[in-house]
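In: Provided below for reference: sequence and predicted model.
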Amino acid sequence: MERRNIIIIAAAVVLGLIAVYLANSYFGAREAQQEAVAEQQKLVNVAVATQDLAFGSVLTPETVRMVSWPANSVPPGAFRDMSRFAGQDVAIRPIARGEPILNSRISSRAVLSENIPENMRAVTVPVDDVTGVAGFVTPGDAVDIYLTRSVPVEGADADDKMVTVVLENVQVLAIDRRSSETETEPQELKMATMLVDPASAQKLVLAKDIGTLSLALRNVEDRMMGANPIVTTAQLGGRPPRRRSGGTGASSSAAAATPAQARYVPAAAGPATTAAAAAPVPTGPTMTVYRGTEGERQEVQDGI
């Protein structure tokens, strides 16, 4: 009888210990769960963008605001107050609306130039929907730059034009104020900023003052360069030769020539055979100027 009681008591003790263990495990898990929920519900202030911010956008109280953010999911580098956003910093990476502002995505204005490679320059040229490929040019594209200008030859008329290639395979750094390669929709263009070397920068500055610049999109994998000749209005055809007033037999002969030959007639035609024979052989682009019935090759001085 006593042995049976001992067994019952021992079994009760074991069951009691098991019950205590299970109860502690249950309440411990509940407590941990409640702590996790409390941690998730804990919110802190984080600075986010009030609108989509492109490269170079100034960070001000109008473009940044504070929102409540779960404390356990705040990204590294996020800002907890507005002290940094007083118009002294700009975005150096695109930032979407509602996205936290991170220290790695902004910088002071003074160091924006650090994004330009060494020995390179950023030059802005005017463009429009026609010269800018209908707005389809976007940052990161490769383009050729053409210059349309008056023919710099004696005797050429004001409406005689020529097109030369100023630069080839140039990287577009920015369009207007957009520098994000993610923006691919066509937009109205006013300015294009090119990444060029110092010598090419000088060419662009000069070219935009003496004519009209146009952009031509090219495949970024296309490395062929130097295959573009000078094109003049005389090569387009369809225009009758210009006849000079008070013409003589010589001028009549010039008018009867082909449009390309009769294109450029100087104001005072005279014998040019001797001068043409004695002239040195041009090394650059040339065109033929007819004085009467005699033609003379002249080198085109494009100045760039």
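Out: Arrived safely. Numbering: from 1, shown residues only.
In: after whichever strand or helix holds residue 24 comes which helix or strand?
Out: Secondary structure from DSSP states H and E places residue 24 in helix 2-41. Going down the chain from helix 2-41, the next helix or strand is strand 43-49, by DSSP H and E.
In: could you pull up the mean pLDDT of the helix or strand just after that next one?
Out: Using DSSP H and E, the helix or strand that follows strand 43-49 towards the C-terminus is strand 64-70. For strand 64-70, mean pLDDT is 91.
In: tell me the mean pLDDT over the next helix or strand after strand 64-70?
Out: Downstream of strand 64-70, the next assigned helix or strand under DSSP H and E is strand 89-91. Strand 89-91 comes out with an average pLDDT of 85.
In: who are the packing partners of strand 89-91?
Out: strand 106-108 (3 or more Cβ pairs under 8 Å, 6 or more residues apart in numbering; DSSP states H and E). The C-beta positions use only the backbone N, C-alpha and C, and glycine is treated the same way.
In: the strand it packs on: what's the following helix or strand?
Out: From strand 106-108, the next helix or strand downstream (DSSP H and E) is strand 121-126.
In: can you list contacts of that following strand?
Out: Identification of contacts with strand 121-126 by Cβ atoms under 8 Å, 6 or more residues apart in numbering yields 116, 145, 173-174, 190-198, 200-201, 204-205, 207-208, 213.
In: the helix holding residue 24 vs strand 64-70, what angle?
Out: Going by axes from the mean of the first three to the mean of the last three Cα atoms, to 10 degrees, helix 2-41 is angled at 170 degrees with respect to strand 64-70.
In: contacting residues for residue 170?
Out: So residue 170 contacts 142-145, 194-196, 200 (Cβ under 8 Å, 6+ apart).
In: what is the nearest of these to residue 58?
Out: For the contacts of residue 170, the residue nearest residue 58 by Cβ to Cβ is residue 195; the value is 22.4 Å.
In: state the mean pLDDT of the particular helix or strand that has that closest one in it.
Out: For residue 195, the host element (DSSP H and E) is strand 191-196. Taken as a whole, strand 191-196 has a mean pLDDT of 88.
In: okay, buried residues for it please.
Out: Neighbour-count burial for strand 191-196, counted by 16 or more other Cβ atoms under 10 Å, picks out 192-196.
In: so what touches it?
Out: Contacts of strand 191-196 (Cβ under 8 Å, 6+ apart): 116-117, 120-127, 132, 137, 143, 145, 167, 170-176, 204, 215.
In: walk me through the domains of this structure.
Out: 1-41, 43-114, 119-228, 238-299 (automatic domain parsing).
In: one step back: who does the strand holding residue 195 pair up with?
Out: Paired with strand 191-196 in the same sheet, following DSSP bridges, are strand 121-126 (antiparallel), strand 161-175 (antiparallel).
In: just those: most buried one?
Out: Ranked by mean neighbour count, those are led by strand 161-175 with a mean of 20 (mean count of other Cβ atoms under 10 Å).
In: pLDDT on that strand, on average?
Out: 89.
In: pull the number of nearby residues for residue 128.
Out: 13 (other Cβ atoms under 10 Å).
In: now do the SS call for it.
Out: coil (DSSP: H, G, I helix; E, B strand; the rest coil).
In: does it touch residue 212 like I think?
Out: No: assessed by Cβ atoms under 8 Å, residue 128 is found out of contact with residue 212, at 9.5 Å.
In: do you know which of the strands paired with strand 191-196 lies nearest residue 100?
Out: Using Cβ to Cβ, the nearest of the strands paired with strand 191-196 to residue 100 is strand 161-175, at 25.1 Å.
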